[in-house]
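In: Could you work out the structure for the sequence below:
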Amino acid sequence: MSANNNNGKKPKITIRPFKHQVQMDPNYADKTWKLLKSAVHEIHKQNASGLSFEELYRNAYNMVLHKHGDQLYKELSHEVSEHLTQVADKVAASHDSAFLQELDRSWSDHKISMLMIRDILMYMDRVYVTQHNLPPVYDLGLAHFRDNIARNNRIKERLLNMVLNLIQRERMGEVIERGTLRSLTLMWVDLGINSRDVYEADFERHFLDSTSQFYHMESQDFIAGNSCSDYLRKVEVRLKEEFDRVSHYLDSATEPKLRDVVERELLTTHLRTLLDMENSGLVCMLRDDKVEDLKRMFVLFGRVPVGLPMMRDTLSAYIKDTGKSIVMDEEKEKEQGTYVQQLLDLKDKYDRLLTSAFSNDKAFQHSVNQAFESFINLNPKSPEYISLFIDDKLKKGLKGVSDEEIEIVLDKVMVLFRFIQEKDLFEKYYKQHLARRLLLGRSVSDDAERNMIAKLKTECGYQFTSKLEGMFTDMKLSADSMEGFRSHIENQGVSLGGIELNVHVLTTGFWPTQTNANCKLPNEILTCCEVFRKYYLGNHNGRRLTWQTNMGTADIKAQFGAKRHELNVSTYQMVILLQFNDSARISFKDLLEATGMPVPDLKRQLASLYNPKNRLLDKENAKGGATDESDVFMFNSKFKSKLYRVKVNPVAQKETVAEASETRQKVDEDRKHQVEAAIVRIMKARKTMDHPNLVSEVTRQLSARFMPHPMLIKKRIESLIEREYLERSKSDRKVYNYLA
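Out: So this is what the prediction gives:
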């Protein structure tokens, strides 16, 4: 070899194919498909137990490998279509009683068959189908089932009608085979091949239409012959049934659509009818405290967008009507306690309903509060009546009422107080009533009084209660002064003639302004008053004392025949009774001259003294209860009482028209100052402001005390401009500038 290799190079080895070429059988694809077709037939006959899936897979693999995937895919598609055409004929020919079961069985068999065929042709799915972007084998089977059976002209409508009929029968109370229905609805879903198109087009749309028609008719019939409560219970049951239906045999995505249809037909269409239904609607439920029915209505109406707003409007209107009947009732006005108590009972009722029926819904709470604020301010006397109610609860002598119970009642009254717009008017009356309680010693306790003032302070601020707190300060200082006075007269040996004098020194600015209606006090009392005046002014320089005899009380001893009594009377009553020490028979005119009282006050005091309950005086030729200026009075020596100490209550005096007008004028005058103060505060901070914003800000700041009318604000602005606190802008007359 070395001799022949002249160049010293290694020989090149070349590999060449055999000269004898192997030829593929030209009928290979047809023969292989024939084997596969036979297997497909057996699978469709549910007779696949004798097949070798390994061999079949290898044959399909080789067909795809040798570029016969196109033939295999088309032949399979044709074979499945042919088979399903025969199945469709069989299904279409079945009797109605067996139709759905036959279709369900065919669908079940087809799914099993296609799973087996898919396993055999797995390589074709992975390679050929993917490369040519064709539907996979299983999806191909679904498409053929959809086109050849589910949408077959002889099957499609029949299937839909029978399914809808079954559902209709179930709604009417029949028991149906839910398993078949579930299988068929899932069939529609599966036939959509990764979408809900088939389910929606072939079933869901028609199902929702039939549901709408069914409940439209049922609701019309049921609402015509039943109460609102019965109808709502029926709706509750129907909704539960439909949700149950979805969970058992419908696609879950149908639930919101089905809910919308049912709620629209059963609720939205009939909202107004249900709310206004005579003898059973919302008003009737509220009137009769039907908590369960109200709760059911709240829950069901909450399902539809306009349900709760309509319910709130009806609720608010009814509360306003009910409240208006209370506040505008003249009989209840005569009994202020009844007036306020009924308002409290009404508020208690709706507070309970808010909790038990309306789930403490904020919008419902707001509607209730707005309704109360609306009607409680219709009666201009509401502030006075609420103050009188508090006065009654804080007075001594309430039997069987604990401090805790009083506290609960006062908390409830504070809720009504919040609804009052004229809180400054309430303050005026409260100050008058508190003054009477303190001066006459009628308060149930100082703690209760201070607790009430603390509630008002929390609600309205320090300015609202500063004068009320000043009244308590005066009472304490007065008690200290009286201790000093008693020590003084004891140390100085001053005699008051057996009279025990107790004086309350009141600061003019804190206490309600009183008309200076003094009477002629007996000389003994005048002597005592002069002693106290000298003592007090000796200790307090620069002060002036004015005696308010119309606010005082006295304890006097009186002899009625053989029996002796101690009488607790007002200062006015004391002055009148003392006149009968000198004469047993005195005319009205003589009493008027002797006492120096105003005529209205004298008449009122005399009426209390010959009142049948405590008849201390008799009247000659009495013709009715009214006191006339021609009357003559005599001391009633035959007066009898089981009690040694007799309290003579003055005749209850309602505020006269003149007094009410005077109170209103004082309030209006105070309001002018408050509005001006607010305007100046705002303008001092802002320097420049236009009219609408200034009015809005003043209203906002003063709303805690009262709601100022825009015209009042405008007048006060004009007044401030005249007094050069403000000026109009030269460029815009609607803009104001603050003048330092």
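
In: pLDDT weak spots in the stretch 201-350 of the chain?
Out: For the stretch 201-350 of the chain, the stretches flagged by pLDDT under 70 are 331-337.

In: can you map out the helices along it?
Out: Using DSSP state H, counting those that start in this stretch, the helices assigned to the stretch 201-350 of the chain run over residues 205-225, 228-249, 254-266, 271-275, 282-287, 291-301, 307-327, 330-334, 336-356.

In: now those as TSV including mean neighbour count and distance to residue 488?
Out: Any C-beta I mention is one placed from the backbone N, CA and C, and that applies to glycine too. Listed next are the helices of the stretch 201-350 of the chain as TSV, based on neighbours: other CB atoms under 10 Å; distance: least, CB to CB, whole Å:
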stretch	mean neighbour count	distance to residue 488
helix 205-225	16	86
helix 228-249	17	78
helix 254-266	19	85
helix 271-275	18	75
helix 282-287	19	66
helix 291-301	19	68
helix 307-327	18	54
helix 330-334	12	49
helix 336-356	17	44
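
In: Turn those into CSV, including distance to residue 94.
Out: Compiled in CSV, the helices of the stretch 201-350 of the chain are given as follows (distance: least, CB to CB, whole Å):
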stretch, distance to residue 94
helix 205-225, 22
helix 228-249, 21
helix 254-266, 27
helix 271-275, 46
helix 282-287, 54
helix 291-301, 43
helix 307-327, 47
helix 330-334, 79
helix 336-356, 57
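
In: of all these, which lies closest to residue 184?
Out: helix 228-249 (8.3 Å; CB to CB).

In: okay, the angle between that closest one and helix 291-301?
Out: 50 degrees (axes from the mean of the first three to the mean of the last three CA atoms, to 10 degrees).

In: which other helices and strands contact helix 228-249?
Out: helix 156-171, helix 178-191, helix 205-225, helix 254-266, helix 271-275, helix 282-287, helix 291-301 (3 or more CB pairs under 8 Å, 6 or more residues apart in numbering; DSSP states H and E).

In: Now with 7 Å, please.
Out: Identification of packing neighbours for helix 228-249 by 3 or more CB pairs under 7 Å, 6 or more residues apart in numbering; DSSP states H and E yields helix 178-191, helix 205-225, helix 254-266, helix 291-301.

In: Any idea which of those helices gets closest to residue 372?
Out: Among the helices and strands packed on helix 228-249, the nearest to residue 372 by CB to CB is helix 291-301 (18.5 Å).

In: quick one: that closest one to chain centroid distance?
Out: 14 Å (CA atoms, centre = their mean, to the nearest Å).

In: Give me the angle between it and helix 336-356.
Out: If you take the same axes, to 10 degrees, helix 291-301 sits at 50 degrees to helix 336-356.

In: please renumber so the chain begins at 18
Out: Sure, I'll start numbering at 18, so the last one becomes helix 308-318.

In: Need the contact partners of helix 308-318.
Out: Helix 308-318 has contacts (CB atoms under 7 Å, 6 or more residues apart in numbering) with 246, 249, 252-253, 284, 299, 302, 324-325, 328, 370, 373-375.

In: of all the residues you listed, which comes closest to residue 482?
Out: Relative to residue 482, the closest of these is residue 370; by CB to CB it sits at 33.4 Å.

In: ok, the closest one - contacts?
Out: For residue 370, the contact set (CB under 7 Å, 6+ apart) comprises 308, 311.

In: Look at it and report its pLDDT.
Out: Listed pLDDT for residue 370 reads 95.
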